[in-house]
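A.B. asks: Got a predicted structure plus its sequence, pasted below:
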Amino acid sequence: MHRPRQSHRTRTVAEPEATSEEERKELALRQAEDALWQIPRSLDGIKRADFNPVALALQMMDMSSLGKNYDEFRHSYFELNNSLDSIVNEYYGGFNDSILTFSGLHERIQDASGSVNLVKSNLQKVRRMFLEERGSLDQLYSKSNQLGAIVAVLKRFEELKKVREEISVYIKEKKFLTAAGKLVQDIQFVEDPELDPIEALSGLRQQLEKEKSDLQQNIIDELHNHIYLKSPYCERKTGIEGEDDGDGSLDSSTSAASSGERNPQSKSDRPGKQRIKRARKAKKTVELGDDTEANPEADSFAYVEILLESLVTLDSTNEVMQEIKSSISLELSRLIDGVVSEVEERNQALINKSKVADQDDLLTQDTDREVLFDFARILFARLEAVLEYHDYVLDVVHQLDRNERYSLTSPISSNTPGRRSRPYVIIDVWEAIKTEILALLKDYLIVEDAQMNGAMDIIHNSNNMNKGVRDLFRMEKSDGISETVESLYSQIESHFQDLTISVPDRKKELTTPAVIDEYADQQNSLQHKLLVEPNIDHAPTLLNMALKFAKRVAPMLGPNTTGSPNAIMSPAVRRSMVGEMLPVSPSPTGQVSTTGETDADEFLQLFFKKVFLPHAEAQAIRMFDSIVSASDAFDIDINTYFGGRPIFRSAAAVVPLLCDFGALLNNLDMFRGENWGILFQLALRYYEKCLELFRDTVHSPENQMYLSVKWSEHLEMQMIFDRKLKRFTAGVRTDPITDVDKEIRQEEVLKTDRSLNPYELIFDVKRLVCIAQLHHTLEWLLVQLNSISADRATVLSRHDGPTSAALLKRHEGEKSRVVNRYLSLSVQCLIVLRIEVRTHCIHYLDLAMREGDYQLDSEALEPEPYIQALNADISTIEEKMEACLPADKLSLVFGGISVLMAHILIANTRHIKSFNSAGNSKMVRNVLALQQNLTNIALPEESGLDKARRFYELYDLGADGILKHIAEHGALFSFEDYCRMIGFVYSGNGQAAALGAGRANSLLEAEQSDQYETHVRRLRELLTQSQERSHTATATPLHRNASIQDRSVRA
């Protein structure tokens, strides 16, 4: 019984259909492997190498259970046979190709064997020929060499004819060093002495010389393009602060310059040093040809160095350096014109708006400032870049001069005049830059050209400071010209042997001095298109940025910028000496600076002091004169108020002038020396105008000074008012008794026992109003001056150092001098107003007491006319003063007049000729009218007139009633006052004055006289007792009156 067929592996996944030949081959191999795996385990023996087919055949014939299954063998056989057929079918083509390849290789090997045998036979033949002796070969060899040399020369001539195209290609590809090397080699070839007899080469020599000149001019143009930032590959072309290579060196330098702290920089610390190192590396890359497609101009500094090496290769360094030097000013002018055009295009909208608007408009000023800041920022950044490029050029030229490996000509011996370059120095560039800066400062800051014609001459002629200004003409010695001519002719003679002009003869013709007009073609460059209108307000923007620029470039200029021998040393030596030779010392303004920096910005300091500041001061004075000379200068400005009251128009215009000018000077960095004198000068000039106005106001038409002014100049009156003003400032509104007493007594002393004349008083209210407005304006000016001075002190206090402290001390002294004058005039105005009001009271009350009628038959219905006139006068003055003075100052003017009125109404009873009961009622009515008027004009509440009213109310008590009142209430008045009142009581016919004087009246009877004397004695006793009780035995009557007034106020 046969066993079912089994296999070790059963594949259930169908094989994918093969598409390519390789896939079919791989599929055939997999099928063969599968066939081997599918052989049953009972037939595994056929897989072994020692397989015995006979034994397998016998086993398959055995039909027992131990035998093999024939069907399984047969199936495995067919599977293996089909797999082999597939392999053979797929690999038959490869077998056939292998057979053909083998056949071809066999044939080639046979051919190579034949060639080798042929070469061997030929070599043997040649060997035999060489061993044979032939005499004609030497001649053939020499002739062959000559013909070869002729052919090489002819080929070289043909190549030289194409030199223009090759040089043009090199120039187009910016490969100037390659072009210079090739051109020099070609020139050396055609100038070979062996080729001199060939006349046909003269045209070729001229062509090469022309190519050299064109190449030299192209190199000069390329140098100008990069030095003056015309090329788009120039670094820092946009002028943005801090824009650099990315090494951060310039950022640190810029930040240090803006903070005002500058340290000497050595060569390793100079801005752009990393850029120079990168340029060296980039140049080597270009020379080695690592990147043939790279643009050599991409790295600007490396490209500049390649151009300079090209010049050294052409042996044209001196000529090019001289041409670069002569075109510095012209190129700088073009650079500035380019910046102007760029800024104008970018800010065209702002510029058009500024042209249309008013120049005094704040918006217009801000717009102009924005445009000018953009212009100055870009300009100074590019000027700094230009100076750095020049410094780099000089550094490279210096290094090339020290290295003779660049020379392609014959070496120069030590006895031969040196080929060493004598280029310009960095100071030449700095001089041209300073000239352009000064021209721009003059164009944008100076308004009137006529007044500034000599500005540059001032700078040029001042203390060795002509560095910043170019001379139109200069006297040149003939030796220098002769040396230049000699060098030029020597170059021509080296190329043209038949030159007949003799250099010594030419030198004899140039022995006289010559006038060299170096800048005749550059004068127009000084005039550039203005972006904004000239204005001194542009000074902070331009001068500050120019000053920062000068400080940034100071390390490149070296320790000496005055043109001394130190200035012509090499840039590398200069920069290495900067950190060692420059001592740090405080500058005149207290800033820490170095000698190099001081020299670098000295031309700006001189421009500021000699040109800008005088012009600004003259403009400020002109504006001041136009303000104070106007017809309405001292009229009221309804648009400017201080404390709710208007001030003078001139003051409202002068203060902004002072503020603007002070802010202008404060915003100028490092220009904060003794430049504030004009502000104090203007302040003093306005003080003189105010003083002149005051004097005109306090003088009568007859040029007589009014009485109030005379009294105000009295020392005792000034001291009393000063104490009153100090108490008032401290918030104390009550005056001490002593000052009240002193003021009234002093006025009595100054008045003497007379009536005041009307012409001595100011009855013109306009004059009083003018004085009040002057005082109020002066008070406002004091506030403004203190504010301006505080801003100035803040600016000075920001800088440390003894110089700053000295300037601050001097400023405080000058400020105190000006403020004290204003304060003195202001106080005098207030004193005059106060005295004038009091003299008006004295004048009217004195007339009322002297000329008034108090002997009446009936009671009067109206007060005394002089009292009415006084009330009207006081009301008018107060009404006008209220519109000019604040309430506190108004109380100073009118304060205490009620006490003065009461004193006059009581003390002047001695001038009353007759008095009766109706007259007493009239006097009481006078007092009440004065009180009512003082109440109506809203003056500070005073009860001084209550004393006068109580005094005249004593008349109704009679003599005994007066004595009883004294016994009950104490002494309220003086002994003389009580005596006069008792005299009024006893007077029936108006002879109170005689009784008051102690003289007996013939009309009175003896009894009445005795009674009067008895009342007087009793009065004296009561007053004595009252004095003892109050412990005021030493007090004067006025003191007692004042104390009584105080008690009444408290009651």
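C.D. replies: Yep, it's here. Since this is a predicted model, take the numbers as computed values, not measurements. Numbers count the residues shown, from 1 in each chain.

A.B. asks: can you pull the buried residues of stretch 637-652?
C.D. replies: For stretch 637-652, burial by neighbour count (16 or more other Cβ atoms under 10 Å) applies to Asp637, Thr640, Phe642, Arg645, Pro646, Ile647, Phe648, Arg649, Ser650, Ala651, Ala652. Heads up, the C-betas are built off the backbone N, CA and C, glycines and all.

A.B. asks: what about the closest residue to the fourth one other than its chain neighbours, neighbour count?
C.D. replies: Going back to what we said before, that points to Arg645. Setting aside the residues directly before and after it, Arg645 is nearest to His776 in space (Cβ to Cβ, 6 or more residues apart in numbering), at 5.5 Å. Neighbourhood size, His776 [other Cβ atoms under 10 Å]: 25.

A.B. asks: Report all helices and strands that the strand or helix carrying His776 contacts.
C.D. replies: Counting by DSSP states H and E, the element that carries His776 is helix 765-797. In terms of contacts (3 or more Cβ pairs under 8 Å, 6 or more residues apart in numbering; DSSP states H and E), helix 765-797 is packed against strand 636-642, strand 645-648, helix 649-666, helix 677-697, helix 802-851, helix 865-882.

A.B. asks: so which of these gets nearest Ile171?
C.D. replies: Distances from Ile171 to each of these were compared by Cβ to Cβ, and the smallest falls on helix 649-666, at 53.1 Å.

A.B. asks: Could you list every helix and strand in contact with the closest one?
C.D. replies: Helix 649-666 packs on helix 613-628, strand 636-642, helix 677-697, helix 765-797, going by 3+ Cβ pairs under 8 Å, 6+ apart.

A.B. asks: Any buried residues in it, and which?
C.D. replies: Applying a neighbour-count criterion of 16+ other Cβ under 10 Å, the buried positions in helix 649-666 are 649-655, 657-658, 661-666.

A.B. asks: Identify the farthest-apart pair in those residues.
C.D. replies: The most widely separated members of the buried residues of helix 649-666 are Arg649 and Asn666, with 26.3 Å between them, by Cβ to Cβ.

A.B. asks: returning to that earlier point: ok now the helix holding His776, how far from the chain's centre?
C.D. replies: Averaging C-alpha positions (Cα atoms, centre = their mean, to the nearest Å) puts helix 765-797 30 Å from its chain's average.

A.B. asks: tell me which residues of that helix are tucked away?
C.D. replies: Neighbour-count burial for helix 765-797, counted by 16+ other Cβ under 10 Å, picks out 767-781, 784-785, 788-789, 792, 795-796.

A.B. asks: For stretch 93-111, what is the distance to the chain centroid?
C.D. replies: Here stretch 93-111 is found 92 Å from its chain centre; the criterion is Cα atoms, centre = their mean.

A.B. asks: typed the wrong thing, it's stretch 109-123
C.D. replies: Averaged C-alpha coordinates place stretch 109-123 at 93 Å from its chain's average position (Cα atoms, centre = their mean).

A.B. asks: what's in contact with it?
C.D. replies: Contact partners of stretch 109-123, identified using Cβ atoms under 8 Å, 6 or more residues apart in numbering, are not found; the set is empty.

A.B. asks: Equivalent analysis for stretch 224-232, please.
C.D. replies: Under Cβ under 8 Å, 6+ apart, the answer for stretch 224-232 is 222, 233-234, 236-237, 297, 300, 303-304, 307, 324, 327, 331-332, 334-335, 382, 385-386, 389-390, 393.

A.B. asks: Are any of the residues you listed buried, and if so which?
C.D. replies: Those of the contacts of stretch 224-232 that meet the buried threshold are 222, 234, 236-237, 297, 300, 303-304, 307, 324, 327, 331-332, 335, 382, 385-386, 389-390, 393, by 16+ other Cβ under 10 Å.

A.B. asks: So which of the residues you listed belong to strands?
C.D. replies: Among these, no residue falls in strands (DSSP state E).

A.B. asks: gap between Leu29 and Asn81?
C.D. replies: Separation of Leu29 from Asn81 (Cβ to Cβ, to the nearest Å): 16 Å.

A.B. asks: the more surrounded of those two?
C.D. replies: When neighbours are counted by other Cβ under 10 Å, Leu29 comes out ahead of the other of Leu29 and Asn81, with 14 against 11.

A.B. asks: and of the buried residues of helix 649-666, the nearest to Ala376?
C.D. replies: For Ala376, the nearest member of the buried residues of helix 649-666 is Leu664. The distance, counting by Cβ to Cβ, is 16.3 Å.

A.B. asks: What is the burial count for Asn544?
C.D. replies: Here the neighbour count serves as a burial measure; for Asn544 (other Cβ under 10 Å) it reads 18.

A.B. asks: Confirm it sits in a strand?
C.D. replies: No - note on Asn544: no strand contains this position according to DSSP: H, G, I helix; E, B strand; the rest coil, which reports helix.

A.B. asks: mind starting the numbering at 124 from now?
C.D. replies: OK, 124 is where the count begins now, so the last one is Asn667.

A.B. asks: so it sits right up against Asn790, yeah?
C.D. replies: Yes - checked against Cβ atoms under 8 Å, the pair Asn667 and Asn790 is within contact range at 7.4 Å.

A.B. asks: Give me the below-cutoff pLDDT ranges for the stretch 624-773 of the chain.
C.D. replies: Within the stretch 624-773 of the chain, the segments meeting pLDDT under 70 span 624-649, 682-722.

A.B. asks: how about the strands of it, start to end?
C.D. replies: Per DSSP state E, counting those that start in this stretch, the stretch 624-773 of the chain has strands spanning 637-639, 708-709, 715-716, 759-765, 768-771. These are given in chain order.

A.B. asks: Surely Ile451 touches Asp551?
C.D. replies: Yes - the pair Ile451 and Asp551 passes the contact test of Cβ under 8 Å, sitting 6.4 Å apart.

A.B. asks: What strand or helix carries the closest residue to Leu437 other than its chain neighbours?
C.D. replies: Spatial nearest neighbour of Leu437, excluding adjacent residues (Cβ to Cβ, 6+ apart): Ala303 at 5.2 Å. According to DSSP H and E, Ala303 maps onto helix 299-313.

A.B. asks: C-terminal to the lengthiest helix in the chain, what's the next element?
C.D. replies: As assigned by DSSP state H, the longest helix anywhere in the chain is helix 193-253. Downstream of helix 193-253, the first helix or strand assigned by DSSP H and E is helix 260-284.

A.B. asks: Excluding its own residues, what touches that next one? List them.
C.D. replies: Outside helix 260-284, the residues within contact range by Cβ under 8 Å, 6+ apart are Asp309, Phe312, Val313, Leu327, Leu331.
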